[in-house]
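Student: pasting the structure only:
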Ligand SMILES: N[C@@H](CCC(=O)N[C@@H](CS)C(=O)NCC(=O)O)C(=O)O
């Protein structure tokens, strides 16, 4: 196995922290290149070479053949990292086992869409906001029941896996989708159990301070929402101007 040579391209976001937490759990060395999402750096030409879909997170690494490999989509990156570097099955299970199938089949909540319609959208989109928020709540209910019925500490077993890491990135920020975790008591205990892991604590603050604490303070939340709204209006204005020029 060649040595890891990983650069993580990321911004502070639920999808981004999935990767920094995975890297911390695996104890892998990595370099962080912050992608400035406020400046729309994810849309720049240099980043399109790494992820043509223009979204964070992405990684580069040196592959087994000695050449660079570029991986994007948070789920694919996590799969890549464990298949290549988690030889002791610290946060995964070997391919071909029942538990491996269980890790890959866990559903993720459509929380990014709920956040958008609840916090940032230009006009009032009551129907869309309710639809996505209801789906987030429904999935939280499924996970809460699963944890309660199974009695497991984590989603697949008593071992934390990439399924937990992928969900935690979103669920820890449930309040942003106006969903209270206290309505899902077993999921809340799981969220806190994850937070207590040293790798989660370290990885969540990459490339900068995590947003969980902001969501405990109504004033900070209001400020954060204002900034988010302003960001989207600016983006829309720039897109309209670019269209006019074309
Ligand atoms: N399905 C992708 C979603 C990636 C994604 O939506 N990233 C967001 C941050 S969480 C992003 O880059 N947003 C900036 C943009 O859309 O321009 C994944 O799982 O990696």
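Tutor: Noted; the coordinates are in hand. Predicted model only: the values in this text are computed from it and were never measured. Residues are numbered from 1 along each chain as shown.
Student: does residue 113 touch residue 130 like I think?
Tutor: No. Under the criterion of Cβ atoms under 8 Å, residue 113 makes no contact with residue 130, lying 11.6 Å away. Glycine gets a C-beta too; all of them are placed from N, C-alpha and C.
Student: neighbour-wise, which of these two wins?
Tutor: Between residue 113 and residue 130, counted using other Cβ atoms under 10 Å, residue 113 has the larger neighbour count: 17 against 13.
Student: how does this protein divide into domains?
Tutor: As given by automatic domain parsing, the domain ranges for the chain are 6-94, 214-245.
Student: what's the closest of the ones you listed to the ligand?
Tutor: Comparing the domains of the chain by their distance to the ligand (Cβ to the nearest ligand atom), the top pick is domain 6-94, with 3.4 Å.
Student: endpoints of that closest one, how far apart?
Tutor: End-to-end distance of domain 6-94 (Cα to Cα, to the nearest Å): 22 Å.
Student: could you do stretch 20-36 as well?
Tutor: For stretch 20-36, the first and last residues are 16 Å from each other (Cα to Cα).
Student: do the same with stretch 101-110
Tutor: End-to-end distance for stretch 101-110: 21 Å, by Cα to Cα.
Student: what lies in contact with it?
Tutor: 79, 92-93, 132, 135-136, 139-140, 142, 155-156, 161-163, 166-167, 170-171 (Cβ atoms under 8 Å, 6 or more residues apart in numbering).
Student: so that stretch, near the ligand or not?
Tutor: No. Using Cβ under 6 Å from any ligand atom, stretch 101-110 stays clear of the ligand, coming no nearer than 8.4 Å.
Student: repeat for stretch 218-229
Tutor: No. For stretch 218-229, no contact with the ligand is found by Cβ under 6 Å from any ligand atom; the gap never falls below 11.8 Å.
Student: residue 69 contacts residue 76, correct?
Tutor: No. Counting by Cβ under 8 Å, residue 69 stays clear of residue 76, with 11.3 Å between them.
Student: show me which residues of stretch 93-111 are buried.
Tutor: With burial defined by 16 or more other Cβ atoms under 10 Å, the residues of stretch 93-111 counted as buried are 93, 99-100, 103-104, 106, 108-111.
Student: now swap in stretch 135-145 and tell me
Tutor: 136-137, 139-140, 143-144.
Student: check which helices and strands the lengthiest helix in the chain sits against.
Tutor: For the chain, the longest helix by residue count, based on DSSP state H, is helix 218-245. Packed against helix 218-245 by the contact rule (3 or more Cβ pairs under 8 Å, 6 or more residues apart in numbering; DSSP states H and E) you find no helix or strand.
Student: so for that helix, mean pLDDT?
Tutor: Regarding helix 218-245, the rounded mean pLDDT is 91.
Student: tell me how far that helix is from the chain's mean position?
Tutor: Between the centre of helix 218-245 and the centre of its host chain there is 21 Å, according to Cα atoms, centre = their mean, to the nearest Å.
Student: what ranges does this protein have for its helices?
Tutor: Using DSSP H, helices in the chain cover 14-26, 45-48, 74-85, 98-104, 111-115, 126-150, 162-171, 185-195, 198-203, 218-245.
Student: and the second one with the ligand, contact?
Tutor: No. Taking Cβ under 6 Å from any ligand atom as the criterion, helix 45-48 and the ligand are apart, separated by no less than 9.8 Å.
Student: quick check: residues of the chain near the ligand?
Tutor: Applying Cβ under 6 Å from any ligand atom, one finds that the chain approaches the ligand through 13-15, 37, 42, 55-57, 73-75.
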